[in-house]
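1. Mind folding the following:
(chains A, B, C and D)
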Protein chains: 2
Amino acid sequence: MSRPEAKPSEKSGSYHHGDLRRALINAARVSLKEKGIDKLSLREVARNTGVSHAAAYHHFRDKTSLVAAVAVTTFSELESVMQRAFDEQAVDAVARLRSLAHTYVEFALEHPDEFRLMFSPQLRDDTVLTEVEKAGRATYVVLIAALSVVQEEGRLATDNLERAAITVWAQVHGLASLMLDGPLYRNAQSEAGREALIAASVEGLLTGVLNE
Amino acid sequence: MSRPEAKPSEKSGSYHHGDLRRALINAARVSLKEKGIDKLSLREVARNTGVSHAAAYHHFRDKTSLVAAVAVTTFSELESVMQRAFDEQAVDAVARLRSLAHTYVEFALEHPDEFRLMFSPQLRDDTVLTEVEKAGRATYVVLIAALSVVQEEGRLATDNLERAAITVWAQVHGLASLMLDGPLYRNAQSEAGREALIAASVEGLLTGVLNE
DNA sequence: TTCAGGTCTTGACATCGGTAAGATAATACC
DNA sequence: GGTATTATCTTACCGATGTCAAGACCTGAA
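-> Predicted coordinates:
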C-alpha cells in the first residue's frame, strides 16, 4: 500500500532506521540466546540495535508485543523445520511421525529460551493472543498432516485424529519442558541422556502405556 | 538444637516476627495467585507481610531462593494430592493410574501460577537446584509406585518401568502446559473443554498412538 | 514550499532486586 | 541479674527496568 517497505535493514547511519521493527525482533532473539528469557530487556534490545529505548514503542505497544512478535517468527521457524523433517523422511508414515517428534524436542533443546518464550504466560494477553495462536496453529497443521497419513495407512490406534494429535503434542511438549526446566534437567545434560529420554518418550507414546 | 522454633507465625506486633520465613512463603503464594508469576515481587511480598523488603534477605539469599522455597512447598502439596488420589481410587491399578494423571493436570489448572513457578527456569540455578530436585523426585516416586502396581498386574506394555514413567509424566505435564500457556489455552476455558482434553490425552497415552 | 505524518530522542516516573550501615530485640554467658 | 554477642529488622541507597510525555527530526504529499 502506502508503505514503500524501506531498504531492508542496512540503513543504520540515518535518523530513520529503515526497518527497525525487524531489527528489534532479531536483536531480541540474539539477546534471548545470550542472556536468557529472564533477562530479556527491551532497553538492552534497543541499545544493541543502536536506538533509544523509547524508539521501540513506535513499533510495539509494549514489551509483551515485542515478545509476541518474536514468538510468531519462532513458531514459523519451528513449523518450517518440522515441515522439512516431514518431507525428508519418506520411508513410511510412522517413520515420518517419529521424525517429527524428535524434531520438536530437539528444536526445544537447541533453542531453549526461544522455546520458553513461545509458551510464555504473558502471551495469553488479549492484545497478542490472536496472532500468537495463529502462529501456533500453523505448526499444529503439520502434525495433523503427518497423522492423517498414518491414518490412511491404517496404523492409527484410534479413528479420532484430533485425540492422536493432542496426545502427540502433549508428549513432545511435556518431554521438552521436563528436560529444560523440570526433573529431567540433569538427565538431559549429556547427549546420550538426551537421546535415551527422547527414544523412551517417543516409543512409549507410540506403543502406549498399557498392553492389549 | 538451639533454635526454640519460635511461636508459630502469630507474633506480628513485635519487632521480631516469629516465623518470617514461613510467612514470606505464604505471602508469596497469595501474591502468586492474585498477580501471577510475572508480577511476583519480593518487595510486595515483604510489604504484605508487614515487613521491610530487606528483612527478606535475612531468610533468603535472593529472590530465586524464595521462589525455590515456594516451589518446594508446592511440590510437596502436589505429592500429597497425588498420594491421596492413589489411595482413594482402589478399583484397580489402571484406574489408579488414570486418577493420578487426572489429578496432576487438574492441580496444574487449579494452581496455574504455582505450577508455572515449580518449573520456572530460574530454579535450574546451582544454588537451589538440589533442593528443588529433591522435592520433584518425591512426586516422581508416587508415579513410579502406581506404575509398578500396574506392572504387577501384568498390564504394562513394557517391562521398562522408567520408560513408562517418563511417558506418563511427559504426557500430563505437556497437556497441562499446553492448556495453560499453549495452543490449547482457548479449548481449556470451559469445564467441558478441559474434561474433553484430559480424557483424550489420557486415553491416547494409555492406548498409544499406533495399533498392533 | 509548506505542513502533516511518522519516526526517533531526551528526560522523567514508579518499581524492582540487591547491598550497606545502623538500630533493636532475643539469647548466651558470666 | 547484668552484660555482650548474635540474629533480626529498618532506613537509605544503587543501578536497572518498563512506560509515558514532550519535543526534535525527517519524509512524503498537498
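2. Going by neighbour count, which residues in stretch A:90-109 are buried?
-> A:93-94, A:96-109 (16 or more other Cβ atoms under 10 Å in any protein chain shown). Heads up, the C-betas are built off the backbone N, CA and C, glycines and all.
3. again, but for stretch A:26-40
-> A:26-29, A:31-32, A:37, A:40.
4. any bit of it sitting next to DNA strand C?
-> No. Using Cβ under 7 Å from any atom of the strand, stretch A:26-40 never reaches DNA strand C; the gap is at least 10.3 Å.
5. And the contacts of that stretch?
-> Contacts to stretch A:26-40, defined as Cβ atoms under 8 Å, 6 or more residues apart in numbering or on different chains, come from residues A:41, A:44-46, A:48-49, A:66-67, A:70, A:73-74, A:111, A:113-114, A:116-117, A:120, B:121-122.
6. List only buried entries from those.
-> A:44-46, A:48-49, A:66-67, A:70, A:73-74, A:111, A:113-114, A:116-117, A:120, B:122.
7. Now do whichever strand or helix holds A:E79: which elements does it pack against?
-> Assigned by DSSP states H and E, A:E79 belongs to helix A:63-88. Judged by 3 or more Cβ pairs under 8 Å, 6 or more residues apart in numbering or on different chains; DSSP states H and E, helix A:63-88 is in contact with helix A:20-35, helix A:42-48, helix A:93-110, helix A:112-118, helix A:126-152.
8. Could you export those as a markdown table, including mean pLDDT?
-> As requested, the helices and strands packed on helix A:63-88 are exported to a markdown table (pLDDT from 0 to 100):
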| stretch | mean pLDDT |
| --- | --- |
| helix A:20-35 | 97 |
| helix A:42-48 | 98 |
| helix A:93-110 | 97 |
| helix A:112-118 | 98 |
| helix A:126-152 | 96 |
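9. Ok, which of these comes nearest A:A176?
-> Across the helices and strands packed on helix A:63-88, A:A176 has its closest neighbour in helix A:93-110 (3.6 Å, Cβ to Cβ).
10. hmm, back to that, now the angle from the helix holding A:E79 to helix A:20-35?
-> Interaxial angle, helix A:63-88 versus helix A:20-35 (axes from the mean of the first three to the mean of the last three Cα atoms, to 10 degrees): 80 degrees.
11. Can you tell me how far A:V209 is from B:N48?
-> 44 Å (Cβ to Cβ, to the nearest Å).
12. mind checking how far A:L78 is from A:R61?
-> 24 Å.
13. So which of these two has more stuff around it?
-> Shown here are A:L78 and A:R61; by other Cβ atoms under 10 Å in any protein chain shown, A:L78 has more neighbours (23 against 11).
14. The more buried one is in contact with A:T139, isn't it?
-> Yes. Using Cβ atoms under 8 Å, A:L78 makes contact with A:T139 at a distance of 5.6 Å.
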